[in-house]
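*Asks:* This is the structure alone, sequence omitted:
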């Protein structure tokens, strides 16, 4: 049952239902924690050998050992931020397993930690660590007074965040394990696949259902009595013009016709980004289909040359690891006889005959190519349209394939439809929608996980909604909305959609990409009407004009009156007043580096940190060259240039040079782009936080300061948008 000795509690594949945050007891919370912790560990018993833990099933992801250890660390980090934990368990592991790969490019072929091939700890060491964390979280639950209801302001919210994060990562890990070489997985006790077909099967012709124009309420009520991620709140009303959509999710059989007509070889069906991905990836069919032509896998590192698609003479007709579905195909025997042996299907634990009536699992690019291939103005639904297909009430688990009712997808006609005639609007497989990911109006990030959603509100992520077979529950799936890059694989499928009145645009949300030419993939009569600024205000600083303004503010005056030179002097006075020998300095909110360079005159090691990519790039250029050109729009200079600075006027635009202060040893300065304060930042004698007016959640950038500073160290907090000591002290006084 546990060949790699990774279980720190009982083996189980039976998930509990989601907790009610308004009336749960400590006993129920403890039971749910134990269940979630064991579910996650039990999933990893599918791995047949320790070697599998150190493989990268996805070239854009870390080895599986990371995901085994990661969820335990999130409990520790979030409970520490909430004040429920005061001491660390194993800070080395808590740093190592803190953050996964935020893969931003489909051609980012390898990801290693700390700039090189990383040596991970043994499976046994990580199992022991998980065991220690399990005992500690149990004790926190038992010892912490419980006040109901548990709200987003309650310290207990951090516990519920850890619980839901654990359950979420079960699905993340399942997607990865399913891409491992088949000899690295095994069938496990209690694993139950769904039947390949249900009743008479699904007609190959795509059945469409019309929805009249309506008003739809999206999002989760703030006082809804279950845990929710910040991007799910608050509720928002939208007008949805009439549309029609396919009653069922698109099946493997229906997608087969796209594949069989060489859809993966015809540029005209793909978006520009999609075709570039397809060409690089050399994709010829969906990721979980298995043929006999040696197709390139999605694996990375030393599995990069591995193929799931073995040549015909080496293919075993039974690669199921003793695993079979609970039924045989009887929907379209003629189709099965003609095409059934062209492809097999990869499940978690093995391969089976192709389940033609299960939803096809694809990324956004593949789904969009299918829509274009079908022509007739077909597209994906929008988020609001997908909500319009649902019933008004929050669904029950029994009516949908969620919470591991089966350990696989099910035939798309197996569960009953919504009142409007749509199947699997909740569960079975997530659905890709046309919307770029963004927060709802009124979005507020959580200080416990400030960059959870905000970092994806960049126009490069689309939304999946509705949940899958392994998602937590019907109510959780009902409100869930996740952001994924369009090339990303999840247990996600899609359905066809199109507008009834083509003079009315669908209710889609589009977010412009920063510093990139946008190629929106949905046809609209009035595109501008649907473009929204990112709800993450921090992305506004990635605009080119923001960089010019920032360089001008920091380097437009190199005399003593500059804000940054004055701040340097203030910090120096504070340090001298403490009579301490300070060597290491962290400059949080360093922007284009002026203060960091000033500090390098007096301190041996200075790290400048900022969330803005172009500011960090500018800082690196200044460090490398000593100067950087920028432009003053309309010839307006806010400061008088010193004699050393040369200006060139060209029409209404004047170019100037930003020059680092004299007498700076640039080798003392390092710049890092980070969207929060991770555990790897520690042991600084002096920390200056001077960018609070630029961030979306001030508390998130303050609550970890006490862990970053050495005993006896000093923190200097500067805010220029009205925050005072009165606002600051409730966050820091307990530290």
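*Replies:* Received it, and whenever you're ready, just let me know what you need. Note that the structure is predicted; figures quoted are calculated from it, not measured. Residues are numbered from 1 along each chain as shown.

*Asks:* Show me the strands in the stretch 451-600 of the chain, by range?
*Replies:* 461-465, 481-485, 492-493, 497-499, 584-588 (DSSP state E, counting those that start in this stretch).

*Asks:* Report the mean confidence score over the third one.
*Replies:* Computed over strand 492-493, the mean pLDDT rounds to 98.

*Asks:* ok, and what's touching it?
*Replies:* Strand 492-493 is contacted from outside by 249-250, 359-363, 367, 428-432, 464, 468, 484, using Cβ atoms under 8 Å, 6 or more residues apart in numbering. All C-beta spots, glycine's among them, are computed from the backbone N, C-alpha and C.

*Asks:* worst-scoring helix or strand of the chain, pLDDT-wise?
*Replies:* Least confident helix or strand, the chain: strand 647-650 with a mean of 45, by mean pLDDT, DSSP states H and E.

*Asks:* quick one, what contacts residue 419?
*Replies:* With contact taken as Cβ under 8 Å, 6+ apart, residue 419 is in contact with residue 391.

*Asks:* Just give me how far stretch 673-686 sits from the chain centre.
*Replies:* When C-alpha coordinates are averaged (Cα atoms, centre = their mean, to the nearest Å), stretch 673-686 and its chain have centres 21 Å apart.

*Asks:* ah, wrong one, I meant stretch 137-157
*Replies:* How far stretch 137-157 lies from its chain's middle: 26 Å, per Cα atoms, centre = their mean.

*Asks:* quick one: buried residues of it?
*Replies:* If you call a residue buried by 16 or more other Cβ atoms under 10 Å, then stretch 137-157 has these buried ones: 137, 140-141, 144, 150, 152, 154-157.

*Asks:* same thing with stretch 250-264?
*Replies:* Residues of stretch 250-264 classed as buried under the neighbour-count rule (16+ other Cβ under 10 Å) are 250-256, 258-259, 263-264.

*Asks:* What is the burial count for residue 34?
*Replies:* When neighbours are counted by other Cβ atoms under 10 Å, residue 34 registers 18.

*Asks:* Residue 420 against residue 209, yeah?
*Replies:* Yes: using Cβ atoms under 8 Å, residue 420 and residue 209 qualify as a contacting pair, with a distance of 6.8 Å.

*Asks:* Can you classify residue 714 by secondary structure?
*Replies:* What DSSP: H, G, I helix; E, B strand; the rest coil gives for residue 714 is strand.

*Asks:* Not counting its neighbours along the chain, what's nearest residue 158?
*Replies:* With sequence-adjacent residues excluded and distances taken as Cβ to Cβ, 6 or more residues apart in numbering, residue 158 is closest to residue 82, at 3.6 Å.

*Asks:* pLDDT at that neighbour, what is it?
*Replies:* At residue 82, pLDDT is 95.

*Asks:* got it, and residue 430?
*Replies:* Here, the pLDDT recorded for residue 430 equals 97.

*Asks:* What of the one 3 residues further on?
*Replies:* Per-residue confidence (pLDDT) for residue 433: 98.

*Asks:* Then residue 100?
*Replies:* Note on residue 100: pLDDT of 80.

*Asks:* Does the spatially closest residue to it that is not a sequence neighbour belong to a helix, a strand or coil?
*Replies:* Setting aside the residues directly before and after it, residue 100 is nearest to residue 62 in space (Cβ to Cβ, 6+ apart), at 5.9 Å. At residue 62 the chain is in coil, as set by three-state DSSP.

*Asks:* again, but for the one 5 residues further on
*Replies:* In three-state terms, and counting by three-state DSSP, residue 67 is helix.

*Asks:* Distance-wise, check it relative to residue 174.
*Replies:* Separation of residue 67 from residue 174 (Cβ to Cβ, to the nearest Å) stands at 10 Å.

*Asks:* now for stretch 20-30, what's the gap between its first and last residues?
*Replies:* Chord length of stretch 20-30, first to last residue, is 13 Å (Cα to Cα, to the nearest Å).

*Asks:* what's across from the nearest residue to residue 684 once chain neighbours are set aside in the sheet?
*Replies:* Spatial nearest neighbour of residue 684, excluding adjacent residues (Cβ to Cβ, 6+ apart): residue 586 at 4.3 Å. Applying DSSP bridges to residue 586 gives these bridge partners: residue 607, residue 687.

*Asks:* separation between residue 586 and residue 68?
*Replies:* Distance from residue 586 to residue 68, counting by Cβ to Cβ: 31 Å.

*Asks:* Residue 471 too?
*Replies:* 20 Å.
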